[in-house]
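Enquirer: This is a predicted model, with the sequence first.
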Amino acid sequence: MQDKPDKPAGKSLWVQMAEYSELAFLLPATTVVGWLFGALIDRWLHTTWVYLVGLIFGIIAGFIQLIRTVLSSERKP
Amino acid sequence: MVEQLPFTALLNRLFAGPVTALLHALGVHVENPAAPMSNAFAMEVLVFLLLTLFFVIVRSRLSVEKPGGLQHTMELFHEFVVDQSHEIIGHGSEIFTSFLVTLGLFILGCNLIGLVPEFESPTASPVVPLGCALVAFFYYHYHGFRRQGVGKYLLHFAGPMPVLAPLMIPIEIASHLARVLSLTIRLFANMFAGDMVTLVFFSLVPVAVPVLFLGLHVGVSLLQAYIFVLLTMVYLAGAVAEEH
């Protein structure tokens, strides 16, 4: 097999579609992950409020990742 | 109790004893010791066996002078993955080809096997997409550590500004774990919905109409297998890229 020298400059439509479809899942997924972490800590420490902190953290993390992803894809060709 | 498919019943009849003993040894509680294997697991085993058989046949017929139809098809599939991974990951992407082709074919096989009567898509059960997503997750992190070294790879979780590191590390961890969830939900939800739509229309109009939805199921199966592999490539590209 021939060794290909460099990465092509542009992204194909399918690659862009897959990357942007990821954005739709990012916010709910990080929210669920944050909630899960909080709920696990609640169960571990026998508390009842950490899940809310986890939930809010997950939402913030989702938004930050969303903005970072969009900004980085704007910079790339 | 969930009804067993014929292949599941066969596997349970043949291997229930050893599988139950193995699960007990691992500390897993088995609800029904006579039938420890689920339909999803049995279908996964079937896809694995079919793929192995398929590649044994392709391997036995390999020819440089007179390549057959199967060889052409597999070469096309291989070339497609090589080109795509080169486009996304760049130089050195060849080492990931075997993993990506295997993952793609396994998911595609799991998606399409549901079209055969008396079989069902194992990807319509959440544990199978979760397993595939976890494999992809550990694989890209492994290559990230391998390519960049433990320290450098972990450092990119801290972000560009050291002051913000305590905030960025949990955010990065959450977003990496969210990838597992998003890969799982996307594949599971699409395959489950495809099965449900076909079933609902089959119960409403049992003639001709379900064929349209079976065609749609084939399209969704191909697209979802492709997107899963494509996103794994995107994650791999992020993990092995030198600059972050």
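Expert: Ah, there it is.
Enquirer: so which helix or strand takes in the spatially most central residue of chain A?
Expert: Taking C-alpha atoms, centre = their mean, the centroid of chain A lies closest to residue A:26, which sits 4.2 Å from it. Counting by DSSP states H and E, the element that carries residue A:26 is helix A:13-45.
Enquirer: Could you see whether chain B lies near that helix?
Expert: Yes: Helix A:13-45 reaches chain B (C-beta under 8 Å from any C-beta of the partner chain) through A:14-15, A:18-19, A:21-22, A:25-26, A:29-30, A:32-34, A:37. In short, each C-beta sits where N, CA and C put it, glycine included.
Enquirer: was I right about residue B:198 contacting residue B:212?
Expert: No: in this structure residue B:198 lies outside contact range of residue B:212 using C-beta atoms under 8 Å: 9.4 Å.
Enquirer: which one of those two has more residues nearby?
Expert: residue B:198 (20 against 11; other C-beta atoms under 10 Å in any protein chain shown).
Enquirer: tell me the secondary structure for that one?
Expert: helix (DSSP: H, G, I helix; E, B strand; the rest coil).
Enquirer: show me what contacts it?
Expert: Residue B:198 makes contact with B:210, B:213-214, B:217 under the criterion C-beta atoms under 8 Å, 6 or more residues apart in numbering or on different chains.
Enquirer: ok so, going back, list buried residues within the residues of helix A:13-45 next to chain B.
Expert: Among these, the ones that count as buried by 16 or more other C-beta atoms under 10 Å in any protein chain shown are A:15, A:18-19, A:22, A:25-26, A:29-30, A:32-34, A:37.
Enquirer: Pick the one among these closest to residue B:122.
Expert: Taking C-beta to C-beta as the measure, residue B:122 lies nearest residue A:25 of those, at 21.3 Å.
Enquirer: show me the residues around that closest one that make contact.
Expert: B:178, B:181-182, B:185-186.
Enquirer: which of the residues you listed are close to chain A?
Expert: B:178, B:181-182, B:185-186.
Enquirer: need the residues of chain B near chain A, please.
Expert: Checking chain B against chain A by C-beta under 8 Å from any C-beta, the hits are B:82, B:84, B:86-91, B:94, B:170-171, B:174-175, B:177-179, B:181-182, B:185-186, B:226-227, B:230-231, B:234.
Enquirer: Show me just the buried residues among the residues you listed.
Expert: B:82, B:84, B:86-90, B:170-171, B:174-175, B:177-179, B:181-182, B:185-186, B:226-227, B:230-231, B:234.
Enquirer: that older thread, mean confidence score for the helix holding residue A:26?
Expert: The average of the pLDDT scores along helix A:13-45 is 88.
Enquirer: Give the burial count for residue B:68, as a bare number.
Expert: By other C-beta under 10 Å, neighbour count at residue B:68 equals 13.
Enquirer: I'd like to know how far the residue nearest to it when sequence neighbours are not counted sits from residue B:55.
Expert: Spatial nearest neighbour of residue B:68, excluding adjacent residues (C-beta to C-beta, 6 or more residues apart in numbering or on different chains): residue B:61 at 5.3 Å. Note on residue B:61: its distance to residue B:55, by C-beta to C-beta, to the nearest Å, is 11 Å.
Enquirer: How about residue B:109?
Expert: Residue B:109 is 12 Å from residue B:55, by C-beta to C-beta.
Enquirer: cool, residue B:89 as well?
Expert: 24 Å.
Enquirer: Any idea how far apart the tips of stretch B:115-132 sit?
Expert: Start-to-end span of stretch B:115-132 (C-alpha to C-alpha, to the nearest Å) is 21 Å.
Enquirer: Buried residues, it. List them.
Expert: B:115, B:119-125, B:128-130, B:132.
Enquirer: Could you work out the most separated pair of the residues you listed?
Expert: Farthest pair in the buried residues of stretch B:115-132, by C-beta to C-beta: B:115 and B:130, 22.6 Å.
Enquirer: Low-confidence ranges, chain B, go.
Expert: Residues of chain B meeting the criterion pLDDT under 70: B:1, B:242-244.
Enquirer: Can you show me the helices along it?
Expert: All helices of chain B, identified by DSSP state H, fall at B:6-25, B:39-60, B:69-88, B:97-112, B:127-148, B:150-155, B:165-204, B:209-240.
Enquirer: same for the fourth one, what does it pack against?
Expert: This means helix B:97-112. helix B:39-60, helix B:69-88, helix B:127-148, helix B:209-240 (3 or more C-beta pairs under 8 Å, 6 or more residues apart in numbering or on different chains; DSSP states H and E).
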